[in-house]
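> sequence and computational prediction follow.
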Amino acid sequence: MQSVLIIGQSGQVSTYLQERLSGDYRVDVAGRDRVDLADRRSIKDALKSFSPTLIVNPAAFTAVDSAEDESEMAFAVNAEAVAEIAEYCAENNTPLIHFSTDYVFDGEADSAYTEEDVPAPTGVYGASKLAGEQAIIDSDAPAIILRTSWVYSNVGKNFYKTMLSLSESRTELSVVGDQIGSPTFAGSIADACGALITKVLDQGEIASEQKGVYNLSCEGETSWAGFAQAIFTAHGKSKMVVKSITTAEYPTPTKRPAYSVLSGAKLANVFGVELPDWHKGLEDCVNETR
């Protein structure tokens, strides 16, 4: 039976992907106790013990603001460890699906980013994820890199859950309205990634012309304030008032991309895989919450 190794056990994408792949393949899930991304010297031996048919890596150092003070750890997990995974995949001809982020861009665009746009990260998190992408490309591993954005779900800490939690004790919230992106439900990501895994395993490889970077986020766009309002509306919280504020009024240690919408046209054209509009993703998440 073909086997899929998911690196990272309890993250949003990993959790939904485990459920999505259940029953289709032998699925091994490697938490930090089995594959420690902070210890690059142990990674190849750990991967070898699984002998996977395909590897998926959604694990990362994702604390965007903390990365500014913990840059060594961010690069260790997001770049150096990824280089080890990629080298293993190159040496063993093992297909790799790796997740990256919209933070590789500076957010200065005014139309959806494509895979041909030149990355320009403005913080350590984005720089470390970009370094991981480059390590995979340099290794010549049979790999697909999926850039996603604004991920939320009913798992872990994320914007969706934070908004619902705050609405239990407040009737008004101030939310940034001048950052634009595509809210992406982790369940939608798992569905698309599952379809991608099936295509790769059915064809037996990632062909040379299929390797590289792809965008994977829901269609459409909104602001954080718009997303918050949509969450409250979907949950029937009609009394919640969302006050739109500027990024300058809500300063953070790391500069957030002002615009991070990603075009999914390449993934649709090459693999026939695409995500729904973000409103549909939200609807699915809300139905799951209930």
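Structure's in. What do you need? Since the model is a prediction, treat every value here as computed from it, not as a measurement. Numbering: from 1, shown residues only.
> beta partners of Thr184?
Note on Thr184: beta-bridge partners by DSSP bridges are Val151.
> how near is it to Leu146?
Distance of Thr184 to Leu146, given as Cβ to Cβ, to the nearest Å: 11 Å. In short, each C-beta sits where N, CA and C put it, glycine included.
> which of the two has more neighbours?
Thr184 (28 against 24; other Cβ atoms under 10 Å).
> against Lys211, how distant is the more buried one?
Taking Cβ to Cβ, one finds Thr184 at 23 Å from Lys211.
> over to Ser66?
For Ser66 relative to Lys211 (Cβ to Cβ), the value is 32 Å.
> repeat that for Ala90.
The spacing between Ala90 and Lys211, counted by Cβ to Cβ, is 11 Å.
> who touches both of those two?
Listed as contacting both Ala90 and Lys211 by Cβ atoms under 8 Å, 6 or more residues apart in numbering are Pro142.
> can you tell me the SS state at Ser174?
strand (DSSP: H, G, I helix; E, B strand; the rest coil).
> between Thr184 and Leu146, which contacts overlap?
Here Thr184 and Leu146 share the contacting residues Leu216, scored by Cβ under 8 Å, 6+ apart.
> my guess is Gly187 contacts Asp284, does it?
Yes. Contact criterion Cβ atoms under 8 Å: Gly187 and Asp284 qualify, at 5.8 Å.
> settle it for me: which of those two has more neighbours?
Using other Cβ under 10 Å, the more surrounded residue of Gly187 and Asp284 is Gly187, with 23 against 16.
> enumerate every residue touching the more buried one.
With contact set as Cβ under 8 Å, 6+ apart, Gly187 has these partners: Tyr16, Ser153, Gly281, Asp284, Cys285, Glu288.
> in helices only, show me the residues you listed.
The helices, defined by DSSP state H, take in Tyr16, Gly281, Asp284, Cys285, Glu288 from these.
> and these, which two are furthest apart?
Greatest spacing in the ones in helices among the contacts of Gly187, by Cβ to Cβ: Tyr16 and Gly281 (11.6 Å).
> mind showing which ranges of the stretch 101-250 of the chain have poor pLDDT?
Along the stretch 101-250 of the chain, no part satisfies pLDDT under 70.
> any chance you could map the helices in it?
124-139, 159-166, 186-203, 224-234 (DSSP state H, counting those that start in this stretch).
> what about the first one, distance to the chain center?
I take that to be helix 124-139. Between the centre of helix 124-139 and the centre of its chain there are 14 Å (Cα atoms, centre = their mean, to the nearest Å).
> please enumerate residues in contact with it?
Counting by Cβ under 8 Å, 6+ apart, 60-64, 67-68, 71, 74-75, 77-80, 82-83, 86-87, 89-90, 96, 98, 100-101, 103-105, 119, 121, 143, 145, 212-213, 254 sit against helix 124-139.
> so which of those residues are in strands?
Leu96, His98, Ser100, Thr101, Ala143, Ile145, Gly212, Val213 (DSSP state E).
> list the residues that contact the most centrally placed residue in the chain.
Central residue of the chain (Cα atoms, centre = their mean): Thr148, 4.5 Å from the mean position. With contact taken as Cβ under 8 Å, 6+ apart, Thr148 is in contact with Phe99, Ser100, Thr101, Asp102, Thr184, Ile189, Asn215, Leu216, Ser217, Leu262.
> any idea how far the first one is from Leu21?
In other words, Phe99. According to Cβ to Cβ, Phe99 and Leu21 sit 15 Å apart.
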